[in-house]
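In: can't give you the sequence, but here's the structure:
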């Protein structure tokens, strides 16, 4: 149905977006201990796993996730591929196959995500490429669900994922689900598309894009991203040019906590229809000041209060 099961039991995933950046190595972890520490930080914040975002993580990260009991979503790197390029598509397929083959034996990895926020305009090869990559992933690893494209134009997928950064908790809930209607990620390649029926949307080239029909798990795998700058000097700089998060930054720390808890509570209240979330993000990254921890992994908030928020579970069961 519309739930994800783990070991034959319904399991609500409370994930955090982890981009795997470090001040002293950028995309390269400075040590094995640093990989382990990031998992421990995620668990300490109340999350039961992480969406590993736009980077093929080190194998040792998966080793520690296996050992420490931390769910992961495996994702491809994002490198600005043009799906209309035959060479790019062929290269992606070959490289993605290597990623799946390398990491498919790690029990902590529970979902594959080959693409992130992809739409691709014009007379695109994207629908064929997305379908081919989905089918290839299932051939190499038939044991796991595939999230065909996170927060983009779905073609074939086992999990329907959407991204939304509305900051008002009640508005966020109503956007995601209200009165039997689910938020459908728009087909940005063709903003003028028209609804043909409940199960299809056509673009200008008459390609039928599927829309969510309630028959598979629905997952908000990016939300939040609330900006909070812990450095007083950075707070005094022009926030629009120096640092950023989503929406207007809270004016006080208490306002931050209330907004965060409100967003989480509203999503949990939809657990009959929405089966999990992923909060953006684990740490600040370069100019992105919307992490739960500072870029150097030091504490940014009252972590006991943060843990209590992200440890909350849906009211309709012990998940």
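Out: Looks like it came in fine. Bear in mind that the values here come from a model prediction, so they are computed numbers and not experimental data.

In: use CA for all of it now, contacts and neighbours both
Out: Fine.

In: can you give me the helices for the stretch 51-200 of the chain?
Out: 59-68, 86-103, 126-140, 169-176 (DSSP state H, counting those that start in this stretch).

In: would you confirm that residue 2 contacts residue 212?
Out: No: using CA atoms under 8 Å, residue 2 makes no contact with residue 212, being 11.1 Å away.

In: between those two, which has more neighbouring residues?
Out: residue 212 (20 against 17; other CA atoms under 10 Å).

In: SS state for that one?
Out: The three-state label given to residue 212 by DSSP: H, G, I helix; E, B strand; the rest coil is coil.

In: any idea how far the residue nearest the centre of the chain is from residue 16?
Out: Central residue of the chain (CA atoms, centre = their mean): residue 221, 3.6 Å from the mean position. In this view, residue 221 and residue 16 are 9 Å apart by CA to CA, to the nearest Å.

In: now the common contact residues for these two.
Out: 278, 279 (CA atoms under 8 Å, 6 or more residues apart in numbering).

In: which stretches of the chain have low pLDDT?
Out: 120-123, 186-207, 231-241, 316-319 (pLDDT under 70).

In: what is the burial count for residue 302?
Out: 12.

In: try residue 40
Out: 16.

In: can I assume it sits in a strand?
Out: No: going by three-state DSSP, the assignment for residue 40 is helix, not a strand.

In: my guess is residue 56 contacts residue 76. True?
Out: Yes: if you go by CA under 8 Å, residue 56 and residue 76 touch, sitting 5.7 Å apart.

In: show me which of those two is the more surrounded one.
Out: When residue 56 and residue 76 are compared for neighbours, residue 76 comes out ahead with 21 against 18, by other CA under 10 Å.

In: so what does that one look like in phi/psi?
Out: phi -80, psi 160 (degrees, to the nearest 10).

In: likewise for residue 144?
Out: Dihedral angles (degrees, to the nearest 10) for residue 144: phi -120, psi 150.

In: with the one 10 residues further on instead?
Out: Here is the backbone geometry of residue 154 (degrees, to the nearest 10): phi -70, psi 140.

In: count of neighbours near it?
Out: For residue 154, using other CA under 10 Å, the count is 28.

In: tell me the contacts of it?
Out: 148, 160, 209, 210, 211.

In: hmm, residue 44 and residue 310 touching each other?
Out: No: counting by CA under 8 Å, residue 310 stays clear of residue 44, with 9.7 Å between them.

In: who's more crowded, those two?
Out: More neighbours surround residue 310 than the other of residue 310 and residue 44, with 22 against 17 (other CA under 10 Å).

In: so what's the more buried one closest to, chain neighbours aside?
Out: residue 46 (4.7 Å; CA to CA, 6 or more residues apart in numbering).

In: stretch 114-129: how far from the chain's middle?
Out: 18 Å (CA atoms, centre = their mean, to the nearest Å).

In: first-to-last residue distance for it?
Out: 11 Å.

In: and if you look at stretch 14-25?
Out: 28 Å.

In: quick one: buried residues of that stretch?
Out: 14, 15, 16, 17, 18, 19, 20, 21, 22 (16 or more other CA atoms under 10 Å).

In: equivalent analysis for stretch 135-149, please.
Out: Buried, per 16+ other CA under 10 Å, within stretch 135-149: 135, 136, 137, 138, 141, 145, 146, 147, 148, 149.

In: can you list those residues in JSON lines and add distance to residue 258?
Out: Formatted as JSON lines, these follow (distance: CA to CA, whole Å):
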{"residue": "135", "distance to residue 258": "43"}
{"residue": "136", "distance to residue 258": "44"}
{"residue": "137", "distance to residue 258": "40"}
{"residue": "138", "distance to residue 258": "41"}
{"residue": "141", "distance to residue 258": "41"}
{"residue": "145", "distance to residue 258": "34"}
{"residue": "146", "distance to residue 258": "34"}
{"residue": "147", "distance to residue 258": "31"}
{"residue": "148", "distance to residue 258": "33"}
{"residue": "149", "distance to residue 258": "31"}
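
In: so what sits opposite residue 219 in the bridge?
Out: residue 161 (DSSP bridges).

In: state the distance from the closest residue to residue 295 other than its chain neighbours to residue 227.
Out: Nearest non-adjacent residue to residue 295, counting by CA to CA, 6+ apart: residue 284, 4.6 Å away. Going from residue 284 to residue 227 by CA to CA gives 9 Å.

In: so what sits against both of the two?
Out: 290, 291.

In: more neighbours, these two?
Out: Relative neighbour count places residue 284 above the other of residue 284 and residue 227, with 30 against 22, counting by other CA under 10 Å.
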